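1. Show me how the following folds:
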Amino acid sequence: MRQAKENDIKVDVPEYGSFTFARRRKEDVYKIRSRYNVLTEGNYNPNGAVADLGALALVTLQTLMVSAPEGFALDDLDPLMDDDFEKKLFAIFGALRVREAAFNPKKKAAPAAVAPVAEPLDAAEPAEAAQEAPAQVADTQAAEQSPQATLID
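-> Okay, here's the model as predicted:
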């Protein structure tokens, strides 16, 4: 894990606890890209977007994590033994991305990369759900057509 610094970001993840991440710097962007390339052997979509969001989530957390709740170790997550391996990974990654986006009012709250952890639309509020669903689809489609840097930055 990374050395703690004054500008670290605290992120509370429901069900998993409180995590601390380094504030993403330009050097981290390139480090994450490099680690993604090594891990996936350059797995990108034909349009140049990241093709394996799980791998992106993993290398992002490995690069930026300063501390995790007691008993949680990113390296100990086992996709064969943990039935909810990807749920954990995307919950933590998604919470980090939402928290990071809060620093930049020009960006949307979270990229489509966190869609796997989004809560289902509440059936008790069908009018709101109907209005939100097209926007979620449009956001996902736009992200899929954007360059890889959108998901990694």
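
2. sec struct for E15, please.
-> coil (DSSP: H, G, I helix; E, B strand; the rest coil).

3. Show the contacting residues for it.
-> A91 (Cβ atoms under 8 Å, 6 or more residues apart in numbering). In this view, the C-beta of every residue, glycine as well, is placed from N, C-alpha and C.

4. Model confidence for it, exactly?
-> Confidence at E15, expressed as pLDDT, is 92.

5. and it, how far is that from A57?
-> 16 Å (Cβ to Cβ, to the nearest Å).

6. Neighbours of K88, how many?
-> Number of residues near K88 (other Cβ atoms under 10 Å) recorded here: 18.

7. quick one: it from R97, how far?
-> For K88 relative to R97 (Cβ to Cβ), the value is 15 Å.

8. Below-threshold pLDDT in the protein: ranges please.
-> 107-153 (pLDDT under 70).

9. Can you show me the strands along it?
-> Secondary structure of the chain (DSSP state E): strands at 9-13, 17-21, 65-67.

10. contacts for the last one?
-> Contacts of strand 65-67 from elsewhere in the structure, counted by Cβ under 8 Å, 6+ apart, are M1, R2, Q3, A4, K5, D8, F19, T20, F21, A22, L74.

11. Show me what that strand pairs with in its sheet, parallel or antiparallel.
-> Sheet pairing here is set by DSSP bridges, and for strand 65-67 it gives strand 17-21 (antiparallel).

12. which of the contacts of strand 65-67 are buried?
-> Among the contacts of strand 65-67, the ones that count as buried by 16 or more other Cβ atoms under 10 Å are M1, D8, F19, T20, F21, A22.

13. ok so, going back, could you dump the contacts of strand 65-67 into JSON lines and include distance to N104?
-> Formatted as JSON lines, these follow (distance: Cβ to Cβ, whole Å):
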{"residue": "M1", "distance to N104": "25"}
{"residue": "R2", "distance to N104": "21"}
{"residue": "Q3", "distance to N104": "24"}
{"residue": "A4", "distance to N104": "23"}
{"residue": "K5", "distance to N104": "19"}
{"residue": "D8", "distance to N104": "17"}
{"residue": "F19", "distance to N104": "20"}
{"residue": "T20", "distance to N104": "20"}
{"residue": "F21", "distance to N104": "15"}
{"residue": "A22", "distance to N104": "16"}
{"residue": "L74", "distance to N104": "25"}
